[in-house]
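Participant: here's a sequence, model it:
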Amino acid sequence: MGKQTYYEVLGVQPDATTEEIKKQYRVLALKCHPDKNLDNTEKAAETFTLLQEAYSVLSDPKERAWYDRHKETFHTDTVDVVDHSIDESFLTSDCYTGFDDSPTGFYTVYRNLFDEILDVEEPHKASFAELAKSKNDDDDKYPRFGNSTTDVAEVKAFYDRWLAFSTAISFAHLNKYDIREAPNRRVVRLMEKENKKIRDEAKKNRNSLVQNHEKSKKHLVRLEVFNALSEDEDDENE
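Facilitator: Predicted coordinates for the structure are as follows:
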């Protein structure tokens, strides 16, 4: 397991009685209360909140029984994100043969990659837009990659938008807990907290991987070329 179990938080054994748990909680609550730790109130508040959370679960027989059945997975920090993954080989120059429009060239390889990303995102966009309640119909639209002859303005628009990429995938399929199994609303909140942590980590991983493509050296070269062309056009127009 990763983080502490609620028994470890309270410093009691898994077979501790309700009275032992209550007694230990009172001792730790007094010791860890923020008012007693003015030198580091932020840390004390965090510790005190965790103590309260642990006690609220272990002091209730039904919640404790549910917790005991699930604590092995409840405190596991690892998140296995398999679906919607992006091959990291695309971050290297080995994935294309030249800076051209040939079938295995830079522009074709990355055009296909970003088209594939959009194809994966597309089914999720409707629900994403609805949840975000976007006022701008273009908020969830991403420009196409283009090719070696794409207009300078379009190239810039592509990178400006994709560098702020945010996946529309909810990753709800990665939820560890089914909240319908919770014995009460308090446990529902605990389940939702853990599920949200997993979903947020998966979103962060996907966003970072997509954004890292735009930050890689090969794409910076493309931007430099187009910036140079743009400057030449500006000089000609003066």
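Participant: give me the low-pLDDT residue ranges for the chain?
Facilitator: 1-2, 72-89, 91-92, 125-140, 213-238 (pLDDT under 70).
Participant: and it, what are its domains?
Facilitator: Here the domain parsing of the chain from automatic domain parsing is 6-74, 88-237.
Participant: adding mean neighbour count, write those out as CSV.
Facilitator: C-beta: built from backbone N, CA, C; applies to glycine. As requested, the domains of the chain are exported to CSV (neighbours: other CB atoms under 10 Å):
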stretch, mean neighbour count
domain 6-74, 15
domain 88-237, 14
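Participant: give me phi/psi at V12?
Facilitator: Dihedral pair for V12: phi -130, psi 160, per degrees, to the nearest 10.
Participant: now do the contacts for it.
Facilitator: 20-21, 24, 58 (CB atoms under 8 Å, 6 or more residues apart in numbering).
Participant: narrow those residues to those in helices?
Facilitator: Taking DSSP state H, the ones among these that sit in helices are 20-21, 24, 58.
Participant: go through these and name the one nearest T104.
Facilitator: L58 (59.9 Å; CB to CB).
Participant: any idea how far the closest one is from F145?
Facilitator: Distance of L58 to F145, given as CB to CB, to the nearest Å: 54 Å.
Participant: now swap in T104 and tell me
Facilitator: With distances taken as CB to CB, T104 is found 15 Å from F145.
Participant: thinking T97 is in contact with G105, fair?
Facilitator: Yes - counting by CB atoms under 8 Å, T97 touches G105, with 6.2 Å between them.
Participant: centre of the chain versus stretch 108-118, how much separation?
Facilitator: From the chain centre to the centre of stretch 108-118 is a distance of 22 Å (CA atoms, centre = their mean, to the nearest Å).
Participant: helices of the chain, start to end?
Facilitator: In the chain, the helices defined using DSSP H lie at 6-10, 18-32, 41-58, 61-74, 106-132, 152-162, 185-215, 217-237.
Participant: let me have these in a markdown table, extended by distance to A168.
Facilitator: Output for the helices of the chain, formatted as a markdown table (distance: least, CB to CB, whole Å):
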| stretch | distance to A168 |
| --- | --- |
| helix 6-10 | 35 |
| helix 18-32 | 41 |
| helix 41-58 | 32 |
| helix 61-74 | 28 |
| helix 106-132 | 4 |
| helix 152-162 | 14 |
| helix 185-215 | 10 |
| helix 217-237 | 22 |
